[in-house]
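1. Return a 3D structure for these sequence lines:
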Amino acid sequence: MKILISDRIDDEGVEVLRENADIDIKTSLSHDELVGVIGEYDAIIVRSGTQVDSEVLEAGENLKVVGRAGVGVDNIDVDRATELGVIVINAPEASTVSVSEHTMGLILSAARNIPQANMSMKSGKWEKSRFLGEEVYGKTLGTFGLGRIGAEVAKRAQAFGMNVIAFDPYISQEKAGELGVEITDKKDLLKRSDFITFHVPLTDETHHMISDEELRLMKENSVILNVARGGIIDEEALENALKEGLIRGAALDVFEAEPPSESPLLELENVITTPHLGASTEEAQENVAISIASHVLEALEGKPVRNALNVPAASSVEIDRVKPYLNLGEKMGAFAAHFVEGSVEQIEITFAGNLSQENTEPVKISALKGYLDKILQDPVNFVNAPVIARNRGIKVIESKTEESGDYNSLLTIKITNHNTDIKISGTVFGKEDQRVVQIGDYRIETKLTKNMLYTKHTDQPGVIGKVGNLLGEHGINVGSMQLGRIAEGGEAIMLMSIDEKIPQNTLQKLREIPEINQTKQITNI
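-> As a prediction, this is how the structure comes out:
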């Protein structure tokens, strides 16, 4: 594994990487220079200084992972990375405490006019009466976002005796209740809050989510803070609101343009500013570096990916609970691909029994990957499989049911095109015993191996012997064999595990056996 570090990260993270991979540290590359060298590397680790745009990604012939030592990924083209199958990882949890503490520092600074009083003192003045502050005790803090950082800010604010309300459409009332936080809507939060803070990503939906209309809903004595991402607050509208006295003040750690050298907000006395210091503590920088180094290595080693922005979210515990089905789903998808010719219209994946209670998104994508990998020359992985399916017009349906027949859990994949379909079901016995238990209407119990022979034939004496004799005559060893039929004397299926691929001329002779109606050689499962 070869990894490029293009922005400075803490030495502790560098050592984690150095112990497990070949690394190059090149922190002064121009964009063109980066494009020229990125093809040598399996992964790149960046902060905010390196632009990983489509040109860089497309030049990364061997690139598998982009690691962002921090939270924001504005400098990474995540959509193009997804299309190319490149995993994008960040390290949001490592700076949670530092950002939440900085937020509280700004709240207290704004409440007690600490920065302004400090500047006054340093200019030789003693203006005690000028800087009359207010207590935060009993005041209402409104937070947009109640994720990791929002929750930590809430805990600290509550410790100061503040009432906390939140707007977060992705958090349940139950979860908010556990935190002692009231969930409300956007307008109500703006009207009721004495202090307002933001802990959301910068997206199309959150860009300028606070502008003139929203600022006019706020209390005249309120303070607005942003320690999240520049661009969430419309800075021109904020400037006007502060000058007009619509709100009392603002405390900003992030800006639309950084550094904000020409921002008129810097000239306003009722604005406290810091130069994007939210995650700038020794502890956070060390934690971020170690976290992103570990996650990038895990991704390169094919382990479950934590904090991946373009891979289905699943905790390590959730991954462990469905891990056998990840492998089974991929094998079943690859197996089914041998039976469908031409363009596929729909892939339906059903999770039954105990499996239906789990986070099955990774299993669904494993099945998609298994199918697509068999029909495409371009590389398919867990990142780009859903995108490829969508771009090819394949409708992917996921369903869950508690009914699983004779099995504790059952995974079923059905692939349909204009003139045929194939349905295959599988389960896991014990912890790791992965087996297919049904193909179409035929009950059959078998493991999926690298090389297999499938036949559909007339159910009569001597057919199996003819197949076995022909394979033996051509030096093909059979490892195992399983049979399935619906009714005596009708059609039956047979699956043989074989030690090597069957030559085409031997396959043709198998097809010439009168009782054989269909043969499929299953390879590279």
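
2. alpha carbons only for contacts and neighbour counts from here, please
-> Noted.

3. Who does residue 399 form a beta bridge with?
-> With beta bridges defined as DSSP bridges, residue 399 has these partners: residue 350.

4. hang on, it packs against residue 351?
-> Yes. The criterion here is Cα atoms under 8 Å, and residue 399 meets it with residue 351 at 6.4 Å.

5. ok, the two, which is more surrounded?
-> The neighbour count for residue 399 versus residue 351, taken as other Cα atoms under 10 Å, is higher for residue 351 (25 against 11).

6. Please report how far that one lies from residue 401.
-> Noted for residue 351: a distance of 6 Å to residue 401, by Cα to Cα, to the nearest Å.

7. One more: residue 452?
-> 31 Å.

8. Looking at those two, which has the bigger crowd around it?
-> Applying other Cα under 10 Å to residue 452 and residue 401 shows that residue 452 carries more neighbours, namely 25 against 14.

9. which ones are touching that one?
-> Counting by Cα atoms under 8 Å, 6 or more residues apart in numbering, residue 452 makes contact with 495-498, 521-523.

10. just the residues you listed now: which is nearest residue 210?
-> Using Cα to Cα, residue 523 comes nearest to residue 210 of those, at 56.8 Å.

11. partners of that closest one in the sheet?
-> Beta-bridge partners of residue 523, as defined by DSSP bridges: residue 451.

12. Isn't it up against residue 450?
-> Yes. The pair residue 523 / residue 450 is scored as a contact, 5.7 Å apart, by Cα under 8 Å.

13. Those two - which one has more neighbours?
-> Taking other Cα under 10 Å, residue 523 and residue 450 do not tie; residue 523 has more neighbours (18 against 15).

14. who touches the more buried one in this structure?
-> 450-452, 501.

15. ok, so of the residues you listed, who is nearest residue 387?
-> residue 450 (27.0 Å).

16. Now do the SS call for residue 506.
-> helix (DSSP: H, G, I helix; E, B strand; the rest coil).

17. for it, what are its contacts?
-> Neighbour list for residue 506: 470-471, 474 [criterion: Cα under 8 Å, 6+ apart].

18. By neighbours, which of those residues wins?
-> When neighbours are counted by other Cα under 10 Å, residue 471 leads the contacts of residue 506 with 19 neighbours.

19. Surely that residue and residue 479 touch.
-> No. The criterion here is Cα under 8 Å, and residue 471 misses it with residue 479 at 11.9 Å.

20. Quick check: residue 454 vs residue 39, distance?
-> From residue 454 over to residue 39 the distance is 42 Å, taken as Cα to Cα.

21. oh, I was asking about residue 373
-> Residue 373 is 23 Å from residue 39, by Cα to Cα.

22. So residue 20 versus residue 3, what's the distance?
-> Relative to residue 3, and taking Cα to Cα, residue 20 is found at 10 Å.

23. which of the two has more neighbours?
-> residue 3 (25 against 13).

24. Dig out what the closest residue to residue 226 other than its chain neighbours forms beta bridges with.
-> Nearest residue to residue 226 in three dimensions, chain neighbours excluded: residue 252, at 5.0 Å (Cα to Cα, 6 or more residues apart in numbering). On the basis of DSSP bridges, residue 252 is bridged to residue 226, residue 273.

25. All further residue positions should be reported with the first residue as 413.
-> From this message on, residue numbering opens at 413, which makes the last subject residue 664.

26. Count the neighbours of residue 664 for me.
-> 24.

27. repeat for the one 3 residues further on
-> Under the neighbour criterion other Cα under 10 Å, residue 667 is assigned a count of 23.

28. name the element it belongs to?
-> Assigned by DSSP states H and E, residue 667 belongs to no helix or strand.

29. Thought residue 640 was touching it, still the case?
-> No. Counting by Cα under 8 Å, residue 640 is not a contact partner of residue 667; they are 9.4 Å apart.

30. give the contact list for the nearest residue to residue 751 once chain neighbours are set aside.
-> Sequence neighbours aside, residue 834 is the residue nearest to residue 751 in space, at 6.6 Å (criterion: Cα to Cα, 6+ apart). Taking Cα under 8 Å, 6+ apart, we find residue 834 in contact with 748, 751-752, 826-828, 851-852.

31. In three-state terms, label residue 834 for me.
-> Residue 834 falls in the strand class when you classify it by three-state DSSP.

32. Show me which residues of the lengthiest helix in the chain are buried.
-> Longest helix of the chain, by residue count under DSSP state H: helix 728-749. Judged by neighbour count using 16 or more other Cα atoms under 10 Å, the buried positions of helix 728-749 are 731, 733-749.

33. again, but for stretch 656-670
-> Residues 658-668 are the ones in stretch 656-670 that count as buried (16+ other Cα under 10 Å).

34. again, but for stretch 862-873
-> Using 16+ other Cα under 10 Å as the burial criterion, the residues of stretch 862-873 that qualify are 863-871.

35. Tell me the gap between that stretch and the middle of its chain.
-> The chain centroid and the centroid of stretch 862-873 are separated by 41 Å, computed with Cα atoms, centre = their mean, to the nearest Å.

36. Same question for stretch 416-425.
-> Chain-centre distance of stretch 416-425: 23 Å, with Cα atoms, centre = their mean.

37. got any ranges where the chain has weak pLDDT?
-> Scanning the chain for pLDDT under 70 picks out 716, 725-728, 789-791.

38. quick one on the thing from earlier: hmm, residue 640 and the residue nearest to residue 638 touching each other?
-> No. Assessed by Cα under 8 Å, residue 664 is found out of contact with residue 640, at 9.2 Å.

39. picking up where we left off before, quick check: bridge partners of the residue nearest to residue 751?
-> With DSSP bridges as the rule, residue 834 is bridged to residue 827.

40. What of the one 5 residues further on?
-> Beta-bridge partners recorded for residue 839 (DSSP bridges): residue 847.

41. Can you give me every residue that contacts it?
-> By Cα under 8 Å, 6+ apart, the contact set of residue 839 is 737, 740, 819, 821-823, 846-849.
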